[in-house]
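> What would the 3D arrangement of this be:
(chains A, B, C and D)
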Number of protein chains: 2
Amino acid sequence: MQQLDISSYLGKLQDYYAKEKVIPSITELSVLWNGKARSWTHQIVQRLKEEDFLENAPGSRLRPGPRFFERTVGHMVRAGMPQQAADVQPELLRIDDYLIENPSQTILFPVKGDSMIDAGILEGDMVIIERSNSPSIGQVVLAIVDNEFTLKVLARDKRGYYLEARNHGRSSDYPPIRPEQGLEIYGLYVGLIRKTRTSGHRLNFNR
Amino acid sequence: MQQLDISSYLGKLQDYYAKEKVIPSITELSVLWNGKARSWTHQIVQRLKEEDFLENAPGSRLRPGPRFFERTVGHMVRAGMPQQAADVQPELLRIDDYLIENPSQTILFPVKGDSMIDAGILEGDMVIIERSNSPSIGQVVLAIVDNEFTLKVLARDKRGYYLEARNHGRSSDYPPIRPEQGLEIYGLYVGLIRKTRTSGHRLNFNR
DNA sequence: TAGGATTGAGAACAATTGTTCTTATTGTAG
DNA sequence: CTACAATAAGAACAATTGTTCTCAATCCTA
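Numbers count the residues shown, from 1 in each chain, chains lettered A, B, ... in the order given. Next up, the predicted model:
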């Protein structure tokens, strides 16, 4: 019984994808794989799909499957020796992927002030805000108060909704906000990114 | 003179791509864009290509262009209504470019524990680590202690270098670490990403 | 109100698409 | 050697592809 060496086909496809960021058509795959017939190429693709290296995308095209980005791992825990991780360069766009689910509804806001420091949100961070009208109690929201954006926790008591800071050390500086004419919520806090580097314009980690 | 509102088309395409990871064909784009004619869809695509939101991939297919992953940045303080942000030219930035300067030297690590909570680093965050041999006192570093990675502040006193936690509330749980045979520094903490959302897939930057 | 650009519909084109079928070649197990 | 599965080629299919053309509706400005 022979065994089709799928990995060599996969390897060429991975290299192609790394360069072009697109899975080619069957016809082009035939060429990429040294000019096999399209019917045969089609079969190999089927196997790659069975093994989750490829999957179907809408419109009968292909896209990378769950295992497509697996690299021959060797061993993750190699007696704690980490330098092997250096030869792997992560697929950078996946960070964006990871953080942002609805691009058209998502906006980044630079954080000013330390009112949310106890939620791990520091001045200079970029919070990721997704537009939404349906926040829940206890969620961090970006609200509009006095024509300014403010990032606070949405809370509620018998008097109604209000906004709460998260700064235990200086809580007196951030009293709850109770707008008279209703609360305007711009969006939900769904993540943040922080860059601590270069030009060191923010170094006070100790409060 | 009318103006085609390209951004609404782009938004829908970006949302589609975020979900499907594939740029659809012209025919499917027509449907996605509310059933325009293919010829007209074709023209819009041309404009998106001119503005570097899309580009040609081999085999007459499309792929995201350089600007496709730009995210808009808002401003905390804005005079006027934020709903219609059209009055100000939106600032754009690519998260990956922003965070990562040396891809080949950069690795993400998931944070475990709360020892760095006072530095705004929470459990579940992903810290961005850049390999380096030259840390400075006071910097957050990823060190190797007892064959495990640990994220701490590099400190020094008359007895030598040591590692310090940043958890004021439970500092007794995190005494300074003074390895006997020298300190092994894996890299520097240069940023972090956090995703606070219940749904969604997990990011595995497998190597 | 008239003119012109923008936005869109619809038809038509060759080319390419994914798929399935049949047939030929190869390698290896028994 | 025989038999059989794996590997490959080639033909054929309807469907979809990107593109270009003409023509109609809509909007803005002068």
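> And the pLDDT at A:Ser199?
pLDDT, the model's per-residue confidence, is 40 for A:Ser199.
> One more: the one 3 residues further on?
Reading off the per-residue confidence, A:Arg202 sits at a pLDDT of 35.
> May I see the buried residues of the worst-scoring helix or strand of chain A on mean pLDDT?
Ranked by mean pLDDT, DSSP states H and E, the weakest helix or strand in chain A is helix A:93-99, scoring a mean of 86. Neighbour counts over helix A:93-99 (16 or more other C-beta atoms under 10 Å in any protein chain shown) mark A:93, A:95-99 as buried. To be clear about C-beta, it is placed using only N, CA and C from the backbone, and glycine gets the same treatment.
> quick one: which of these is nearest to A:Leu163?
Minimum distance to A:Leu163 across the buried residues of helix A:93-99 is 24.4 Å, recorded for A:Leu99 (C-beta to C-beta).
> what sits against the residue nearest to that closest one when sequence neighbours are not counted?
Spatial nearest neighbour of A:Leu99, excluding adjacent residues (C-beta to C-beta, 6 or more residues apart in numbering or on different chains): A:Gly191 at 5.0 Å. Residues in contact with A:Gly191 (C-beta atoms under 8 Å, 6 or more residues apart in numbering or on different chains) are A:99, A:127-128, B:193-197.
> Using neighbour counts, trim those residues to the buried set.
Buried by 16+ other C-beta under 10 Å: A:99, A:127-128, B:193-196, out of the contacts of A:Gly191.
> Could I get these in a markdown table, plus columns for secondary structure and distance to A:Tyr9?
Putting the buried ones among the contacts of A:Gly191 into a markdown table (DSSP: H, G, I helix; E, B strand; the rest coil; distance: C-beta to C-beta, whole Å) gives the following:
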| residue | secondary structure | distance to A:Tyr9 |
| --- | --- | --- |
| A:Leu99 | helix | 33 |
| A:Val127 | strand | 44 |
| A:Ile128 | strand | 38 |
| B:Ile193 | strand | 34 |
| B:Arg194 | strand | 39 |
| B:Lys195 | strand | 34 |
| B:Thr196 | coil | 40 |
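> ok, back up a step: distance check, the residue nearest to A:Leu99 against A:Thr150.
From A:Gly191 across to A:Thr150, the span is 18 Å (C-beta to C-beta, to the nearest Å).
> Is the lengthiest helix in chain A positioned near chain B?
Using DSSP state H to define each element, chain A has its longest helix at helix A:6-20. Yes: legend: contact between helix A:6-20 and chain B by C-beta under 8 Å from any C-beta of the partner chain is shown at A:Glu20.
> That helix packs against which elements?
Helix A:6-20 sits against helix A:26-32, helix A:38-50, with contacts defined as 3 or more C-beta pairs under 8 Å, 6 or more residues apart in numbering or on different chains; DSSP states H and E.
> Can you tell me which of those helices is most buried?
Mean neighbour count (mean count of other C-beta atoms under 10 Å in any protein chain shown) peaks for helix A:26-32 among these, with a mean of 17.
> Lovely, talk soon.
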